[in-house]
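Enquirer: Provided below are the primary sequence and the corresponding predicted coordinates.
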Amino acid sequence: MSTHTDSSRRTAARVAGIGYIALFVLAIFANFVVKQGIIDPADAEATVAAIREQETLFRVGLAAFIVVFLIDVPVAWGLYVLFAPAGRTRSLLVAWFRIVYTVFLGVGAVFMFLGLEIATRSTSLGADVALLMLAAFDFTWYVGLIAFGLHLMLLGGLIIRSRIAPRLIGVILAVAGATYALDTLAHVLVSDYAAIADVMLAIVAIPSIVAELTFTVWLLRAGRRSSPVTREETAVPARV
């Protein structure tokens, strides 16, 4: 492996690691502080009133989602470059599933903006339509999270096969990906999702936080090393 390739992969690891930190902070703020703190899915009038009262905060939350949408692109690139020695085709497939998720998040942000515009402008559409737009954001994001779940499962499998990163990280990433996919299917298949929402939140949050924080630490360490190639990787020939 050439020095240039080693340097590129260290850069890719740093980009992905720093991106993961930014995504973690922005997503928690946008989703849990802003969206869940302002939107009441069962009360359109209360939601519109809350958006009008906290319009600046809502706009900042929307901006955070848009920044997440943009940051995911270099993160996908970084992961592709870093894991390409384990198989360019497989690594590209992992990156594409993350890009598909990112596109759905971008589309969801459009629905969120429409909900904001309807809630804060004098229109004849009403609070119910504003809430419908915000619900459309949720479902668009959930569909994207299926792709994100597959991205994590494939990335975990790639790590387990290649040993470029510790196998344990691959296992917990794959488990986290499966919980994302399970949660989205539950939204579609369970008529009263609210009844299991707290349980599903725990099922998704615990493995995903552990997996992605652990992976982030590894990425940042890999970006600082003289070479991100592990001893195990040297025994793994590059694959298609």
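Expert: It's in.
Enquirer: Does the helix or strand harbouring Gly157 pack against any helices or strands, and if so which?
Expert: Here Gly157 sits within helix 126-162, counting by DSSP states H and E. Applying 3 or more CB pairs under 8 Å, 6 or more residues apart in numbering; DSSP states H and E, we find helix 126-162 packed against helix 44-53, helix 55-83, helix 88-120, helix 167-189. Any C-beta I mention is one placed from the backbone N, CA and C, and that applies to glycine too.
Enquirer: can you do 6 Å?
Expert: helix 44-53, helix 88-120, helix 167-189 (3 or more CB pairs under 6 Å, 6 or more residues apart in numbering; DSSP states H and E).
Enquirer: what residues are up against Ile169?
Expert: Contact analysis of Ile169 by CB atoms under 6 Å, 6 or more residues apart in numbering lists 159, 214-215, 218.
Enquirer: Taking those together, which two end up most distant?
Expert: Largest separation among those by CB to CB: Ile159 and Thr214, giving 11.4 Å.
Enquirer: With neighbour numbers in mind, choose between those two.
Expert: The residue with more neighbours, out of Ile159 and Thr214, is Ile159; 25 against 16, by other CB atoms under 10 Å.
Enquirer: my read: that one touches Ala165, true?
Expert: Yes. Between Ile159 and Ala165 there is a contact under CB atoms under 6 Å: 4.8 Å.
Enquirer: Check which residues of the lowest-mean-pLDDT helix or strand in the chain are buried.
Expert: When the helices and strands of the chain are scored by mean pLDDT, DSSP states H and E, helix 3-28 comes last with a mean of 88. If you call a residue buried by 16 or more other CB atoms under 10 Å, then helix 3-28 has these buried ones: 9-10, 12-20, 23, 26-27.
Enquirer: list the contacts for Val100?
Expert: Ala147.
Enquirer: now it: how far from Ala76?
Expert: Using CB to CB, to the nearest Å, Val100 is found at 10 Å from Ala76.
Enquirer: and what of Leu154?
Expert: Separation of Leu154 from Ala76 (CB to CB): 12 Å.
Enquirer: I'd like to know the average pLDDT value across the helix or strand hosting Ser208.
Expert: Taking DSSP H and E as the definition, one finds Ser208 inside helix 197-224. Averaged over helix 197-224, pLDDT sits at 91.
Enquirer: Not counting residues beside it along the chain, what's closest to Ser208?
Expert: Leaving aside its sequence neighbours, Ser208 sits nearest to Ala176 (CB to CB, 6 or more residues apart in numbering; 4.3 Å).
Enquirer: Would you confirm that that neighbour contacts Ala205?
Expert: No. Using CB under 6 Å, Ala176 is not in contact with Ala205, being 9.6 Å away.
Enquirer: Neighbour count: these two, which is higher?
Expert: A count of neighbours by other CB under 10 Å puts Ala176 above the other of Ala176 and Ala205, at 25 against 13.
Enquirer: Can you pull up the most central residue in this structure?
Expert: In the chain, the residue lying closest to the centroid (CA atoms, centre = their mean) is Phe148, at 6.3 Å.
Enquirer: show me the contacts for it.
Expert: 101, 180.
Enquirer: ok, now with 7 Å
Expert: With contact set as CB atoms under 7 Å, 6 or more residues apart in numbering, Phe148 has these partners: 98, 101, 180.
Enquirer: Quick one, which of those has the minimum pLDDT?
Expert: Scanning those for pLDDT, the low point is Tyr180. It has 94.
Enquirer: of all the helices and strands packed on helix 126-162, which lies closest to Gly61?
Expert: Closest to Gly61 of those is helix 88-120 (CB to CB; 8.5 Å).
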